[in-house]
Every structure is written in C-alpha cells, then in structure tokens.
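Undergrad: Curious how this folds, go ahead:
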Amino acid sequence: MDNTPFFLTNHKWYKYEERETADGVAFQRFELTNKATSEAIKSFKETIIASGPDARLNPEDLNRFQQALGFAARQHLFSEDHGLHGTALTDELTFISYTIRLYQLLDDDLVAPNTLIFSKRIGTLYRQFLKIHPTRINDSMLNSWIIAQDTKI
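TA: Predicted structure coming up:
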C-alpha cells in the first residue's frame, strides 16, 4: 500500500524544497500552493497531525513564524468569538501546537509559510503579526503561552 499523503499526488498543489538550518540540520519543507484542493489541504493537515507528536519545540529558540502562529491562536481562540468548544477547541489547539513544533526548523528570514491550513481569522492575525514584526520579538508572555500550550499535548 502506498503511504504517500494525498496532497503530494499532484505537483501543482505543493512546493517542495530541501533546506538546512544554521546548525547544519537538513530538512524538507513542503508548502501548499493556492491550487491545492480542499482534499489536499485536509491531507496536509492530517500529515501535520501525524508528524506533530514526533516534533519537538525548543523553548529557548522560538522563531517569528512560531510566535506569529501562537499570537494568532491566543488572540482568536481566547479573546474572540470563534464557535469552537470542548473537543473541537482542543483539537484546534493541538493542531496549532503541532504546526508550531514543525515550524521549529524555519529561519526568520524565510518567506512565511502560507495560511491555507488555518481558519481565515487565524491566517489574518498571523500575517498581521509578521508584517509588524520582521524578526522574532522579545515577548516572554507570548513565548510562555506557546510553551504552555505545547506541554498540554
């Protein structure tokens, strides 16, 4: 049986690149394109959920993409009306925490990952944060919130 995630079955749905961190760690980066179908987006999210438990967060080195996603989640899910409750809210927070873990290898100077996998509001807040902050920020409360959410999963 082929275990290839559905989003990888059409090259028009994703971009792929091989990168290396400043420490010399090689990694593969996949990103959806605007041509990705809703099924491809769902597959990408499922891949994140499957990969998330194996990824690790470095609490001493949160990059601006991790901070932006944490900011967006905290703002939207804890300060705005979003309609999520119980298991649905827990599932969304887990998905975002896994995504934040997987963003660990990204450098601040990369082109920002797109937001196709998130709700429109999370995506908007994420992009606003990145526009205001071209580099990571010194915000111990935000970083502590991201770390606390990660420890819950």
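Undergrad: use CA for all of it now, contacts and neighbours both
TA: Fine.
Undergrad: so the most centrally placed residue in the chain is in which element?
TA: What sits nearest the mean C-alpha location of the chain, by Cα atoms, centre = their mean, is Thr99, with 3.3 Å. Using DSSP states H and E, the element containing Thr99 is helix 86-102.
Undergrad: any idea how far that helix is from the chain center?
TA: 10 Å (Cα atoms, centre = their mean, to the nearest Å).
Undergrad: so Phe30, which of the three states?
TA: Following DSSP: H, G, I helix; E, B strand; the rest coil, we place Phe30 in the strand state.
Undergrad: per-residue pLDDT, the closest residue in space to it that isn't next to it in sequence?
TA: Computed as Cα to Cα, 6 or more residues apart in numbering, the closest residue to Phe30 that is not its neighbour in sequence is Tyr16, at 4.7 Å. The model reports Tyr16 with a pLDDT of 93.
Undergrad: and Tyr16, helix, strand or coil?
TA: Note that with three-state DSSP, the state of Tyr16 is strand.
Undergrad: That one against Glu31, yeah?
TA: Yes: the pair Tyr16 and Glu31 qualifies as a contact (Cα atoms under 8 Å) at a distance of 6.6 Å.
Undergrad: These two: which has the busier surroundings?
TA: Glu31 (17 against 12; other Cα atoms under 10 Å).
Undergrad: Show the pLDDT at the more buried one.
TA: Note on Glu31: pLDDT of 92.
Undergrad: Against Leu62, how distant is it?
TA: 20 Å (Cα to Cα, to the nearest Å).
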